[in-house]
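A.B. asks: Pasting the sequence and the predicted coordinates here, then a few questions.
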Amino acid sequence: MSEQDTELETHLNEQEVFEPPQSFVDQANVSDPSIYEAFEENWPACWENAAGMLDWFEGYNQVLDESNPPFYEWFTGGKLNASYNCLDRHLDDRGDDVAIEWIGELGETRRYTYLDLHKEVNEFAAALRGLGVEEDDVVTLYMPMVPELPIAMLACARIGAPHSVVFAGFSADALATRMNSADSEYLVTCDGYYRRGEIIEHKEKTDEGVSGVDQNVTSIVVDRLGDEYDHSVQERDHDYDALIRNHTGAEVDPVARGSEDMLFLMYTSGTTGEPKGVQHSTGGYLSWAAWTSHAVLDIKPEDTYWCSADIGWITGHSYIVYGPLALGTTSVMYEGTPDYPEKDRLWEIVDTYDVNQLYTAPTAIRAFMKWGEQYPNEHDLSSLRLLGTVGEPINPRAWKWYYKHIGDESCPVVDTWWQTETGGMMVTTLPGVRDMKPGSAGPPLPGVDAQVVDESGEEVQSQGAGYLTVQQPWPGMLQTLYNNDERYIEEYWAEYSDDQDKWVYFPEDGAKIDNDDYLTVLGRVDDVVNVSGHRLGTMEIESAVVGVEGVAEAAVVGGHHEVKGEAVYTYVITEDGQTDNEALRERIITAVEDAIGPIARPEQVIFTPELPKTRSGKIMRRLLEDIANGDELGDTSTLRNPEVVNDIKVNASDD
Ligand code: ATP
Ligand code: MG
């Protein structure tokens, strides 16, 4: 590196605030700073801006019905259809534009224009009806990243049948639990798929799952693997292709759904406790997905936009399918992993398709960092205009790496905080309006009343830490937990709503507020280490550790300590893969002491080649806690990489 480069690097390392590039602001969908004030003054009528992004069959007569909190109702009286909004209304102006650009792991591609997508969605909707699916029947979609997944979602939406997508990587048991919980009698699945070139069979797992379902099931099987894979065929199975052939050219009128009619169920990933059937509405949810895609992702119809999440998570629902398609853009859908066949796969796709926006997760960005900048450097990424991240806090070092090596210091980065339950983004910078601060998600979106409060629910003033809350309802909010209104109140509203006049939503995350209105989300509130009576957020310690040169990833948990009650245990993946480095250990300890104080001094720094992760890529801290304490390991069934637990145990005991 030249001296000049080193100087630039140092400058970037120290910089805390980044202005959005003027070239971005000049073309941004939202660039007027008065939007914050205007929305606040005009709340809740401001949300007509969101509803106005959609076509309604019948106009709503009330923006927000607050008569039965916390069962808030949005755009009541209005009627609409999500598939109509994502397809039909685009046909005249851009029927021949690409809606879904699908890239298979082995290099195959499939391109659906809006006309193509409309045609197949209609045919599949007719097929579903033909099999007996009626309005309000829950259809379970247990599918990997194949185009038939968004097609099935939109076909369900077209006939008013809520879908419940179960991530393909989940187990047979997970499928059975979710189908039973939703009383779902219809299932769309797939023979199998590819992962790093290997065939992953899916049908046998499906069959095993269905054997644990209480009701009779009718299933449809998509043929992803062709002749390569001969899957079992049960009496309940119908072949997807045959159904489409039998309904060629069929048209199905989009059903007029009430704004508050359920669009879908999404069971949360289950990093904590029993899966919760998060229920989302049609009008409020779709308005939220569309408005946030417009305001935060800056999506325009002529863009090629890519969210690299899996549709099995809420991120894929809102920001691969519903938001982008409602706006009539081209949404890229990639089947595989980012390191197959090579570690430049994502950059090759950005280059080939001239992707304008990339929305991914901190866990992926940390992997890219570890692999090195040579991979993005091999490709022309100049088509990119905006970068986004979601899923976990992103530490400033990873943020800056993303900003520099992917965005070439000319793309705003939006760090978006939200959850399955919120339907869409809640806290993030508006990229054409607000400065960015690496590590801090940003201010709440206009019209979103997110506040940090203390234990008694009082607002924490500037520069304090506490609990993140949302003090006013918003259109994308969950309606309830399926069939369980009581648990809905219990989980999200009981904590801070002490009198009946004021209902406060509690997402169970901790956050810090800066001297302006910027929020740094610290992660789940149950992720704290209690050292001698001091409650330390694990995220904050992790952020200090990951800031150390040479550290690729880190997880912090509490382990029993005779004197202190709990002590800080730090698990570290190094950039060069080494698991023995005394100097680095010292630097990590110093960095934590400097950032938080001697009280947070790590008791142990354990170098490990990998960390246990859920299938959505989040670190599973409770298992690390079990390891730290030498306890029996809890349930490892939702882990993506169960084998690493033993490696870490070995490393830890070597220590
Ligand atoms: P479960 O609720 O089933 O235990 P989960 O909370 O991981 O799983 P999601 O709804 O997918 O399931 O994730 C939302 C959570 O992810 C948030 O509550 C927060 O803890 C974390 N998160 C998401 N985005 C961000 C972000 N930008 N910054 C910090 N944390 C984030
Ligand atoms: Mg959650």
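C.D. replies: On my side now, so go ahead. Just so we're clear, the structure is a prediction, and the values are computed from it rather than from any experiment. Ligands and ions are numbered 1, 2, ... in the order given.

A.B. asks: drop to CA atoms for contacts and neighbour counts, all remaining ones
C.D. replies: Will do.

A.B. asks: ok, which stretches of the stretch 451-600 of the chain are helices?
C.D. replies: In the stretch 451-600 of the chain, the helices defined using DSSP state H, counting those that start in this stretch lie at 485-492, 538-546, 582-595.

A.B. asks: Oops, could you answer that again for the stretch 51-200 of the chain instead?
C.D. replies: Secondary structure of the stretch 51-200 of the chain (DSSP H, counting those that start in this stretch): helices at 82-86, 91-94, 114-130, 148-159, 172-182.

A.B. asks: where in the chain is pLDDT low?
C.D. replies: Low-confidence segments of the chain (pLDDT under 70): 1-9, 269-273, 499-500, 634-638, 649-655.

A.B. asks: and the gap between the most centrally placed residue in it and Pro275?
C.D. replies: Note on the chain: the residue nearest the mean C-alpha position is Thr315, at 3.4 Å, using CA atoms, centre = their mean. Distance, Thr315 to Pro275, using CA to CA, to the nearest Å: 17 Å.

A.B. asks: cool, and Glu625?
C.D. replies: 22 Å.

A.B. asks: With Val592 instead?
C.D. replies: Applying CA to CA to Val592 and Pro275 gives a distance of 35 Å.

A.B. asks: Pick out whichever of these two has more residues nearby.
C.D. replies: Val592 (24 against 16; other CA atoms under 10 Å).

A.B. asks: right, and that one touches Ala600 too?
C.D. replies: Yes: between Val592 and Ala600 there is a contact at 6.6 Å, judged by CA atoms under 8 Å.

A.B. asks: what do those two both touch?
C.D. replies: With contacts defined as CA atoms under 8 Å, 6 or more residues apart in numbering, the residues shared by Val592 and Ala600 are Ile541.

A.B. asks: The residue nearest to the centre of the chain: which element?
C.D. replies: Taking DSSP states H and E as the criterion, the element that holds Thr315 is helix 314-316.

A.B. asks: Quick check: what element follows that helix along the chain?
C.D. replies: For helix 314-316, the following helix or strand on the C-terminal side (DSSP H and E) is helix 323-326.

A.B. asks: Just give me how far that following helix sits from the chain centre.
C.D. replies: Here the centre of helix 323-326 is set off from its chain's centre by 16 Å, with CA atoms, centre = their mean, to the nearest Å.

A.B. asks: Need the contact partners of that helix.
C.D. replies: For helix 323-326, the surrounding residues in contact (CA under 8 Å, 6+ apart) are 54, 85-87, 99, 286, 289-293, 299, 305, 330-331.

A.B. asks: residue ranges for the helices of the stretch 201-350 of the chain, please.
C.D. replies: So, for the stretch 201-350 of the chain - with DSSP H, counting those that start in this stretch - the helices run 203-210, 240-246, 283-295, 314-316, 323-326, 345-353.

A.B. asks: So for ligand 1, which of those sits nearest?
C.D. replies: helix 314-316 (6.5 Å; CA to the nearest ligand atom).

A.B. asks: which residues touch Leu149?
C.D. replies: 141, 143.

A.B. asks: actually Asn85, not the one I wrote
C.D. replies: Here Asn85 is in contact with 54-55, 326 (CA under 8 Å, 6+ apart).

A.B. asks: do you know how far it is from ligand 1?
C.D. replies: 25 Å (CA to the nearest ligand atom, to the nearest Å).

A.B. asks: what residues does the protein put near ligand 1?
C.D. replies: By CA under 6 Å from any ligand atom, the residues of the chain that approach ligand 1 are 268-272, 390-393, 415-420, 441, 509, 521, 523-524.

A.B. asks: Strands - which of these land there?
C.D. replies: Among the residues of the chain next to ligand 1, the members falling in strands are 390, 415-416, 509, 521, 523-524 (criterion: DSSP state E).

A.B. asks: Tell me which two of those sit farthest apart.
C.D. replies: Asp415 and Arg524 (16.8 Å; CA to CA).

A.B. asks: higher neighbour count, the two?
C.D. replies: Neighbour tally, Asp415 and Arg524, criterion other CA under 10 Å: the higher count belongs to Asp415, 32 against 18.

A.B. asks: show me the contacts for the more buried one.
C.D. replies: Residues in contact with Asp415 (CA under 8 Å, 6+ apart) are 388-390, 394, 428-429, 440-442.

A.B. asks: Let's have those residues in JSON lines, adding neighbour count.
C.D. replies: Formatted as JSON lines, the contacts of Asp415 follow (neighbours: other CA atoms under 10 Å):
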{"residue": "Gly388", "neighbour count": "24"}
{"residue": "Thr389", "neighbour count": "24"}
{"residue": "Val390", "neighbour count": "21"}
{"residue": "Ile394", "neighbour count": "28"}
{"residue": "Thr428", "neighbour count": "25"}
{"residue": "Thr429", "neighbour count": "26"}
{"residue": "Ser440", "neighbour count": "28"}
{"residue": "Ala441", "neighbour count": "25"}
{"residue": "Gly442", "neighbour count": "28"}
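
A.B. asks: Noted, bye for now.
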